[in-house]
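>>> Compute the structure for the input listed below.
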Amino acid sequence: MKKIKKLALLLAICMVGTVGLVGCGNDGDSSSKNESSASQTADDNANSADDSAADSKDGDSSASVVGTWTVTALEGTDGTAVSIDDYATANGVEPETLKCTYTFADDGTFSGEMSGVTVSGNYTFEGTDLVMTVGEQQFNYTYDADNDMLKYTDPNTGLSSYCERQQ
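Below you'll find the model as predicted:
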């Protein structure tokens with residue numbers, strides 16, 4: 001029963017992420033396959049986000065989220081991060097069932113997909129703030145320019161998702 005609850009929670013997080021992008025950027029490394037590496041990456045990304053916020057607010061208008069992004073890691077309220085693959089394995093599900101991808105267009109629209117479920121909406125991006133709107137719901141993300149990542153923290157659960165830009 002605990003596995004079902006964990007899976008349901010992860011799916012809810014990814015769906016919220018699908019509806020509103022979660023962040024992890026491509027810093028040239030592959031996504032982590034073990035918890036300690038994922039945790040270190042999340043810690044580094046969190047520290048870099050603070051630094052890049054000041055940089056982006058100071059006029060870095062060249063930043064863009066246009067392109068395709070994939071959720072690659074989750075971080076619990078205790079700060080422990082785990083890759084999607086590791087989370088799926090620990091909960092007895094296929095990693096492919098948890099795949100979550102977003103695509104941002106130049107015209108301010110986006111689409112997302114998780115396990116065949118598609119959502120779409122509009123977004124605004126200014127400095128480090130990405131706001132995705134689906135219907136009447138808004139989802140606030142943080143962009144880390146130094147690591148080219150997106151992060152979403154669910155206000156209800158405190159869980160964070162990280163997305164990497166796809167090449």
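>>> Tell me the helix or strand right after the helix or strand of the chain with the lowest mean pLDDT.
Ranked by mean pLDDT, DSSP states H and E, the helix or strand of the chain with the weakest confidence is helix 35-57, at a mean of 41. For helix 35-57, the following helix or strand on the C-terminal side (DSSP states H and E) is strand 67-75.
>>> just checking, what packs against that next one?
Applying 3 or more Cβ pairs under 8 Å, 6 or more residues apart in numbering; DSSP states H and E, we find strand 67-75 packed against helix 2-20, helix 35-57, strand 81-83, helix 84-90, strand 100-104, strand 160-165. From N, CA and C alone the C-beta is placed, and that goes for glycine too.
>>> Okay, now the unreliable bits of this structure?
Along the chain, the model assigns pLDDT under 70 to residues 1-62.
>>> gap between M149 and T77?
19 Å (Cβ to Cβ, to the nearest Å).
>>> Just want to know which of the two has more residues nearby.
M149 (30 against 11; other Cβ atoms under 10 Å).
>>> Enumerate the beta-bridge partners assigned to that one.
Assessed by DSSP bridges, M149 has beta-bridge partners D144, E164.
>>> That one contacts Y143, doesn't it?
Yes: counting by Cβ atoms under 8 Å, M149 does reach Y143; the two are 7.4 Å apart.
>>> V65: neighbour count?
21.
>>> Distance of it relative to E126?
11 Å.
>>> need the contact list for T89.
Residues near T89 by Cβ atoms under 8 Å, 6 or more residues apart in numbering: P95.
>>> what about it, distance to D148?
For T89 relative to D148 (Cβ to Cβ), the value is 27 Å.
>>> can I assume T133 sits in a helix?
No: residue state for T133 (DSSP: H, G, I helix; E, B strand; the rest coil) corresponds to strand; a helix is not indicated.
>>> which residues touch it?
Shown in contact with T133 (Cβ under 8 Å, 6+ apart): G121, N122, Y123, F139.
>>> my guess is T142 meets S160, correct?
No: judged on Cβ under 8 Å, T142 makes no contact with S160 at a distance of 9.6 Å.
>>> Between these two, which contacts overlap?
Counting by Cβ under 8 Å, 6+ apart, the contacts common to T142 and S160 are K151, Y152.
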